[in-house]
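# Coordinates only, no sequence provided:
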């Protein structure tokens, strides 16, 4: 049944048209009062009521009287217009009706940095004990839209999953480092494999710059260096070689003057070559040396070995006096006995003078700790934990 027929039926029951329109009006107000967008609809209905009333002339006669006066056609036109406007209003209301969409987002939770001071760590050796990792939160929510555009209103927001961040822990050293005066840096090792005199790269840093190539390079008197420029060319695949004249070859960097700004030593060894008792010593004068690296028996892995400031300027691993500038064995270090038998003396004087009284022959080869050392007139003797030996006997 069309709207006109419904209205005609109602009016035929003797109910005044103004009452019917008021009821329609009140009903729509009740339905739409929760929406701010319906104010316009209410005004439209009020205007339509005025139009219908004028058409009827506020006639309170029965519907039959109104219709008999020729008002039927006029009323139908007004009612058709009223119905069309209602349709348009309903469409507009539907378009502006808000709706919600469920969405999910992931939010990064930044990690925090925790700083801890350590009085046993040098200031130059501060480090990150634990790396920080960001966490995350997954949030589900409803977002309001009208006509495809967001109103910016969010509802029912909740966290559905969460991963806690891992805080970063930084260790800050507070121990003060007193720089040493360094002029000479000596690299040496005991030979077993003829390839052990090969080096891939040597770097020495001062104020962040590699100054190794500015040093004068020399080897012990029984050795020589081939392709020394390859020590500093940055190419770890091109090797420099020491030609050995004895069992303890070394090469030494001389910076010309003692300096306190050296911060790091870095060196690389060829892969697959065994270095026996690889050591690094420093000296301010070429006479008194202190050990900053004692690698023991080291299998090179074509990687960088770094002597940090705390080791370069920290307590020496051992010290010695290099009187003859030949065979360097540190007090507190080790010497290998290769001769068998070797003459063992009870004291250094007997060893220097070759006084065999109270001495004997010793057949035990191997490595022994050096507790003392003397050089007189070019003769060097070593005090071991079991007696004294002459350097020239150990060949």
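Thanks, I have the structure now. Given the structure is predicted, the values throughout are model-derived calculations rather than measurements. Numbers count the residues shown, from 1 in each chain.

# all helices in the chain, in order from the N-terminus.
3-12, 17-32, 39-56, 63-66, 72-95, 309-312, 348-353 (DSSP state H).

# pLDDT averaged over the second one - what is it?
Mean per-residue pLDDT for helix 17-32: 64.

# where in the stretch 51-200 of the chain is pLDDT low?
Low-confidence segments of the stretch 51-200 of the chain (pLDDT under 70): 51-79, 89-96, 189-197.

# Tell me where it has strands.
Taking DSSP state E, counting those that start in this stretch as the criterion, the stretch 51-200 of the chain contains strands spanning 99-109, 113-122, 127-130, 135-146, 149-163, 168-175, 182-190, 198-199.

# partners of the shortest one, with directions?
Just to be clear, that refers to strand 198-199. strand 240-243 (antiparallel) (DSSP bridges).

# same question, the second one
In the sheet containing strand 113-122, the strands it pairs with under DSSP bridges are strand 168-175 (parallel).

# Repeat that for the fourth one.
Paired neighbours of strand 135-146 in the sheet (DSSP bridges): strand 99-109 (antiparallel), strand 149-163 (antiparallel).

# which non-adjacent residue is nearest residue 227?
Nearest non-adjacent residue to residue 227, counting by CB to CB, 6 or more residues apart in numbering: residue 240, 4.8 Å away. Where C-beta positions appear, they are placed from N, C-alpha and C, glycine not excepted.

# Just grab the bridge partners of the one you found for me.
On the basis of DSSP bridges, residue 240 is bridged to residue 199.

# ok so, going back, save the strands paired with strand 135-146 as a markdown table, and put in mean neighbour count and distance to residue 119 too.
Formatted as a markdown table, the strands paired with strand 135-146 follow (neighbours: other CB atoms under 10 Å; distance: least, CB to CB, whole Å):
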| stretch | mean neighbour count | distance to residue 119 |
| --- | --- | --- |
| strand 99-109 | 11 | 33 |
| strand 149-163 | 10 | 35 |
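
# Save these as TSV, and put in distance to residue 203 too.
Shown next, in TSV, are the strands paired with strand 135-146 (distance: least, CB to CB, whole Å):
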stretch	distance to residue 203
strand 99-109	39
strand 149-163	42
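
# And these: which comes nearest residue 135?
strand 99-109 (3.8 Å; CB to CB).

# Quick check: closest non-adjacent residue to residue 357.
Excluding the flanking residues, the one nearest residue 357 by CB to CB, 6+ apart is residue 350, at 6.9 Å.

# show me the contacts for that neighbour.
356-359, 388 (CB atoms under 8 Å, 6 or more residues apart in numbering).

# Mind picking the two most distant members of those?
357 and 388 (13.3 Å).

# Neighbour count for those two, which is higher?
residue 388 (22 against 8; other CB atoms under 10 Å).

# where's the more buried one relative to residue 375, distance?
13 Å (CB to CB, to the nearest Å).

# One more: residue 241?
29 Å.

# Equivalent analysis for residue 99, please.
97 Å.

# do the same with residue 239
Distance from residue 239 to residue 375, by CB to CB: 34 Å.

# out of these two, which sits in the more crowded spot?
residue 239 (20 against 17).

# which non-adjacent residue is nearest that one?
Counting by CB to CB, 6+ apart, residue 198 is the residue found nearest to residue 239 once chain neighbours are left out, at 4.7 Å.

# Also residue 127?
residue 171 (5.5 Å).

# Quick one: residues contacting that neighbour.
Per CB under 8 Å, 6+ apart, neighbours of residue 171: 116-118, 121, 126-129.

# same thing with residue 344?
Counting by CB under 8 Å, 6+ apart, residue 344 makes contact with 359-362, 386-389.

# same thing but at 10 Å, please
Going by CB atoms under 10 Å, 6 or more residues apart in numbering, residue 344 touches 337, 351, 359-364, 384, 386-390, 393.

# And residue 364, by the same measure?
337, 340-342, 344, 386.

# Can you add pLDDT and distance to residue 179 and give these back as TSV?
Below are the contacts of residue 364 laid out as TSV (pLDDT from 0 to 100; distance: CB to CB, whole Å):
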residue	pLDDT	distance to residue 179
337	85	38
340	81	45
341	86	47
342	88	42
344	88	42
386	75	39
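
# related to what we said a few turns ago, what touches both of residue 357 and residue 388?
With CB under 10 Å, 6+ apart, residue 357 and residue 388 have common neighbours 345-346, 350.

# Which of the residues you listed sits closest to residue 255?
Lowest distance from residue 255 to the shared contacts of residue 357 and residue 388 (CB to CB) belongs to residue 345, with 39.4 Å.

# That closest one pairs with what?
Beta-bridge pairing for residue 345 (DSSP bridges): residue 359, residue 388.

# Could you do residue 335 as well?
Bridge pairing for residue 335 (DSSP bridges) gives the partners residue 368.

# What is the burial count for it?
A count of nearby residues for residue 335, using other CB under 10 Å, gives 21.

# so how far is residue 208 from it?
38 Å.

# Please apply the same query to residue 139.
For residue 139, the distance to residue 208 equals 46 Å [CB to CB].
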